[in-house]
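Starting from these lines, generate the structure:
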Amino acid sequence: MAVDAKHQEPEEPLYVPLKVRRQREQERLQRRRKALQERIQHERSDEGSGSDEDEQNPKRQKTKQPSADASPLSAALDEPPQPQQRSTLSLLDQAYEMRKKMEEQGVNQQKAQQDAQEVNMLKEASYVQKVALVSAHERAEGIHYKESMKTTWKPPRSIADMTQEECDAVRKKWHILVEGEDVPPPIKSFEYMRFPPAILDALKAKNIMRPTPIQVQAIPCILAGRDMIGIAFTGSGKTVTFTLPLVMLALEEEKKMPIIGHEGPFGLIVGPSRELMRQTFDVVKHFTTYLFKAGYPELRSLLCIGGEDKRQQSDLIASRGVHIVVATPGRLNHFLKLREMNLRLCKYICLDEGDRMLDLGFDEEVATTFNHFTSQRQTLLFSATMPQKFQDFAKDVLVKPVLVNVGRAGAANLDVIQEVEYVKQDAKIVYLLECLQKTSPPVVIFCERKGDVDDIYEYLILKGVEAASIHGGKDQEERNEAIDLFKNGQKDVLVATDVAAKGLDFPDIKHVINFDMPAEIENYVHRIGRTGRCGKTGVATTFINKSVPESALLDLKHLLVEAKQTVPPVLKALEDPYEELERSGNGLSNATGTKGCAFCGGLGHRITDCPKVDSQVRKIGAGKRDFLAGKSEGYGGDSLDSNSTGCSGKNKNIVLNSARNEECVLVWTLFRCIYVERVCIFRLGAAYAMGTSLSRSFSRFWNRSERRLLLVGLDGAGKTTILYHLRLGKAIASIPTVGFNVETIKYEGYKLNIWDVGGQDTLRPYWRHHFTGTQGIIFVLDSADDQRLELAKAELNGMLVDTQLQEACLLIILNKRDLPGAKDVQELSEALEFQENCEKVNRRVKVQPAVATTGEGLNDGISWLCENMTAL
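You can find the predicted model right below:
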């Protein structure tokens, strides 16, 4: 039915969303602005054409002259307008032009400010020992070597006669970048490098037929005696590069003059981890064995790492001497300090993973090693990730160094297929089984934390996967066994921390899984470098989620782009703060001319946002002591030194602060002099606060009633509850441990200093760090926890065999006797199997049943412990 027009309701206007209205308004303003710009441009062009016409037509240059009787005001009005006063430009247009100019200048100004800031930060953050590669003797004498080491090696005539253009063509073909003066020519075959037939046979036995790019250029440089910095991606053959020239050097020196006991070595290879050095030692041993079988003199090599028998190592040095030493810094400096080894004959030193060796923590160890050199030596630095700061530092210190770089320092191996997957934190371990199905074994799983390694290992074992695990908390025998089982193919999966990430060469690894994305991108590069080695293709899967720092994700994003890998959407969606600079052509190049961070080499951030800089600053700050702080118990006390001259005598060192692994803080010196019969000199370190330090020193020195205890056990056994029951003297509820606790308790005339190391399943790496002067051990066991009884037995007996605790009494507290599932005391004592280890050293032992929450049995055990402990 038709509706009358008069009665028809008025049609309401269509609703337009606010976002659309704003967009239309913005488009209208842009059209208006564009029209104004076109009009301004047109007027400017008219003015320009008008001035040209005026020059051609002088008649148009006539201007109206003011009359003599004209007023000054009218004359001023008749004057032409000044050029800067443009009546045709509105305020809106002027503001637009000014804003545009400021934006254009802002990018360049921002870049300049960032460069200046980065230069300053790089100077502050490059905490490298400036004397790390120079001995103390050379610094004292002002010795500066100008020429490289002389060697007898010479390349074949056909190689030596190569022109510079021919050498550059070979380097370009092999993607080799070199820096330095008088760089030796590249050699494309091992035969032309003049290695003996035995070495060629040894290479063929390892299926090495021709040199890799890093070997093509680096081996001739090393054979020529040049100091060198070698940078190449993981799996490129760096280990063979620096071991072969050392073997040839040792062979040449042995032919000249055979060494005898206490002599050698001729060369050192030093690295950051035991596993890496063990692998390098195997390579050296492989070449020396083939030489000996071919009739050459025997070359003796020594693996000098922690966790091995010192006596066997020192006996080899003393009895026959060694030609080559492969070592970690700690054990090497130990032998040098004891003078069981010297470097008088050493002409060659290589720092494997050189960036790590010169970084904070190892630099002082390296400096200590170099202080034992008495003459010039050839110095080599090798790594897959060598940040620019280390390259610049090494160029200043080394003698006419050659830099050999195959690819960008810190770049990922192009033979590795990188896959990044977003997995929630609680779903990681479940998804791990599915991820293992991508490839056939062997597979390596990397984690950041030791606890995650143990959890994943147990989970895989429960699921029937043949797995092994390795981390820094395990003793050397367990670590060696895990690596051997994995290398021999008896285990399909290796779960590890970054202790296995750098340098280790496992055969034919198909897949690497990063259970945690490392905070530093260089660790990521080393991890995925365990696969895709020697030209083979591998797969690397990385789990990420919101717990990963944004800087690490940006570094990962840029690394994937550089390697032409697929970038997942979650990384594409990340907002890059430096994207505008990249569009403007400046990219992420920093003040040093390299791309990305000048400190760590990450591509997704600058040094101003570098997480490694922040971490290193915290480490440096933690290592500095504030001697004016004056805190109680001496974490900031002053150091008072009493100096005496013309006296002689015998020093007796008394370690008073062994709990913090400090140097001896109390030195008692007895000596005779002309006027004084006996004098006591105390050197008071940071262990005591200013003002009370002397009285506290004497009281602690002559107080025979103090005892030092270590309270250990598995997590959840009730250690902290026992500690605070003794401290408060009354019944309390269970208390969970956070970190570790230290309490000083007065008990029946004794002063007990109790260290409660809390919550770890693997105890030995922790209590040794916190306390070494233990007189008594309290081992707490949950009587109702039969599932972890084997683990408790292993932990207990592991402590009992330690030489540092042979004099300590042992009190075993069988806690939680009030629980229904508590086992019999005799049954638990037999299950722990500690009697044999205690009888070996005649250790005093007591097994005490107790209930920590009520205090039942605690006093009996502590009283026995106080009576049987040796006085301080």
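
Endpoint to endpoint, stretch 345-359 covers what distance?
End-to-end distance for stretch 345-359, by C-alpha to C-alpha, to the nearest Å: 27 Å.

My error: substitute stretch 528-547 in the last question.
One end of stretch 528-547 sits 21 Å from the other (C-alpha to C-alpha).

Next: stretch 152-164.
Its start and end residues considered, stretch 152-164 measures 23 Å (C-alpha to C-alpha).

Please apply the same query to stretch 227-238.
Across stretch 227-238, first to last residue, C-alpha to C-alpha, it's 15 Å.

Quick one: mean pLDDT over that stretch.
Stretch 227-238 carries an average pLDDT of 84.

all helices for the stretch 201-350 of the chain, in order.
Listed in chain order, the helices found in the stretch 201-350 of the chain under DSSP state H, counting those that start in this stretch are 213-223, 238-256, 274-293, 310-319, 329-337.

Quick check: which of those is buried the most?
Compared across the helices of the stretch 201-350 of the chain, helix 213-223 shows the largest average neighbour count, a mean of 26 (mean count of other C-beta atoms under 10 Å). (Glycine included, C-beta is placed from N, CA and C.)

Tell me which of the helices of the stretch 201-350 of the chain lies nearest to Ser783.
Of all the helices of the stretch 201-350 of the chain, helix 274-293 sits nearest to Ser783, with 38.3 Å by C-beta to C-beta.

tell me what the closest one is packed against?
Contact here means 3 or more C-beta pairs under 8 Å, 6 or more residues apart in numbering; DSSP states H and E; on that basis helix 274-293 packs against helix 197-205, helix 238-256, strand 267-270, strand 301-304, strand 324-327, strand 348-352, helix 476-487.

Tabulate these (JSON lines), appending distance to Ile176.
As requested, the helices and strands packed on helix 274-293 are exported to JSON lines (distance: least, C-beta to C-beta, whole Å):
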{"stretch": "helix 197-205", "distance to Ile176": "20"}
{"stretch": "helix 238-256", "distance to Ile176": "13"}
{"stretch": "strand 267-270", "distance to Ile176": "23"}
{"stretch": "strand 301-304", "distance to Ile176": "30"}
{"stretch": "strand 324-327", "distance to Ile176": "27"}
{"stretch": "strand 348-352", "distance to Ile176": "20"}
{"stretch": "helix 476-487", "distance to Ile176": "31"}
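
By mean pLDDT, show me the worst of these.
For those, mean pLDDT drops lowest on helix 476-487, to a mean of 86.

relative to helix 274-293, how tilted is it?
Relative orientation of helix 476-487 versus helix 274-293 (axes from the mean of the first three to the mean of the last three C-alpha atoms, to 10 degrees): 70 degrees.

What are the contacting residues of helix 476-487?
By C-beta atoms under 8 Å, 6 or more residues apart in numbering, the residues outside helix 476-487 that reach it are 274-275, 278, 305-308, 442, 468-470, 474, 491, 494, 499-500, 504, 506-507.

could you point out which element follows that helix?
Per DSSP states H and E, helix 476-487 leads on to strand 493-496 as the next helix or strand towards the C-terminus.

how about the CA coordinates for that following strand, as PDB?
Extracted in PDB, the C-alpha atoms of strand 493-496 (Å, rounded to 0.1, in the frame of the first residue of the first chain):
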ATOM      1  CA  VAL A 493      69.600 -37.300  21.400                       C
ATOM      2  CA  LEU A 494      72.000 -35.000  23.400                       C
ATOM      3  CA  VAL A 495      70.400 -32.500  25.800                       C
ATOM      4  CA  ALA A 496      73.000 -29.800  26.600                       C
END
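
domain ranges for the chain?
136-406, 416-549, 632-702, 706-868 (automatic domain parsing).

The longest one spans what distance, first to last residue?
By C-alpha to C-alpha, the extent of domain 136-406 from end to end equals 34 Å.

just to revisit the earlier point, so which of the helices of the stretch 201-350 of the chain is nearest Gly264?
Of all these, the one in closest proximity to Gly264, counting by C-beta to C-beta, is helix 310-319 (7.5 Å).

Can you tell me which of the contacts of helix 476-487 are classed as buried?
Among the contacts of helix 476-487, those scoring as buried are 274-275, 278, 305, 308, 442, 468-470, 474, 491, 494, 499-500, 504, 506 (criterion: 16 or more other C-beta atoms under 10 Å).

Show me which positions of stretch 396-406 end up buried.
Buried residues in stretch 396-406, counted by 16+ other C-beta under 10 Å: Val397, Leu398, Val399, Pro401, Val402, Leu403, Val404, Asn405, Val406.

mind checking the end-to-end distance for that stretch?
The first-to-last residue distance of stretch 396-406 comes to 21 Å (C-alpha to C-alpha).

what residue ranges in the stretch 751-872 of the chain are flagged as low confidence?
755-773, 841, 870-872 (pLDDT under 70).

which stretches of it form helices?
Counting by DSSP H, counting those that start in this stretch, the helices of the stretch 751-872 of the chain are 764-770, 789-800, 825-832, 835-840, 858-868.

Go through the last one and flag the buried ones.
Right, helix 858-868. Within helix 858-868, the residues scored as buried using 16+ other C-beta under 10 Å are Leu858, Gly861, Ile862, Leu865, Cys866.

returning to what we had before: which pair in the buried ones among the contacts of helix 476-487 has the greatest spatial separation?
Longest span within the buried ones among the contacts of helix 476-487, C-beta to C-beta: Glu308 and Pro442, 26.1 Å.

hang on, the earlier thing: and of the buried ones among the contacts of helix 476-487, the nearest to Tyr145?
Of all the buried ones among the contacts of helix 476-487, Tyr145 sits closest to Ile305, with 30.2 Å by C-beta to C-beta.

Is that closest one in contact with Val325, as I believe?
No: Ile305 lies out of contact with Val325 (C-beta atoms under 8 Å); the separation is 10.5 Å.

What separation do you get for Leu714 and Leu791?
7 Å (C-beta to C-beta, to the nearest Å).

which SS state does Val404 fall under?
Using DSSP: H, G, I helix; E, B strand; the rest coil, the structure places Val404 in strand.

Identify the bridge partners of it.
Note on Val404: beta-bridge partners Val178, Gly230, judged by DSSP bridges.

start to end distance for stretch 331-342?
End-to-end for stretch 331-342, by C-alpha to C-alpha: 13 Å.

and that stretch, average pLDDT?
Mean predicted confidence for stretch 331-342 is 91.

any residues touching it, and which ones?
The set of residues external to stretch 331-342 that reach it, using C-beta under 8 Å, 6+ apart, is 262, 265, 268, 270, 304-306, 308, 310, 313-314, 317-318, 325, 343, 365, 368-369, 372.

wait, isn't Ser301 in contact with Val284?
Yes: if you go by C-beta under 8 Å, Ser301 and Val284 touch, sitting 4.9 Å apart.

follow-up on the earlier one: neighbour-wise, which of Leu714 and Leu791 wins?
Neighbour count, other C-beta atoms under 10 Å: between Leu714 and Leu791, Leu714 has more, with 22 against 13.

what residues are up against the more buried one?
Neighbouring residues of Leu714 by C-beta under 8 Å, 6+ apart: Asp761, Leu781, Asp782, Asp785, Arg788, Leu791, Ala792, Glu795.

Please tabulate the residues you listed in TSV, including the columns distance to Pro245.
As requested, the contacts of Leu714 are exported to TSV (distance: C-beta to C-beta, whole Å):
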residue	distance to Pro245
Asp761	45
Leu781	56
Asp782	58
Asp785	57
Arg788	52
Leu791	48
Ala792	51
Glu795	46
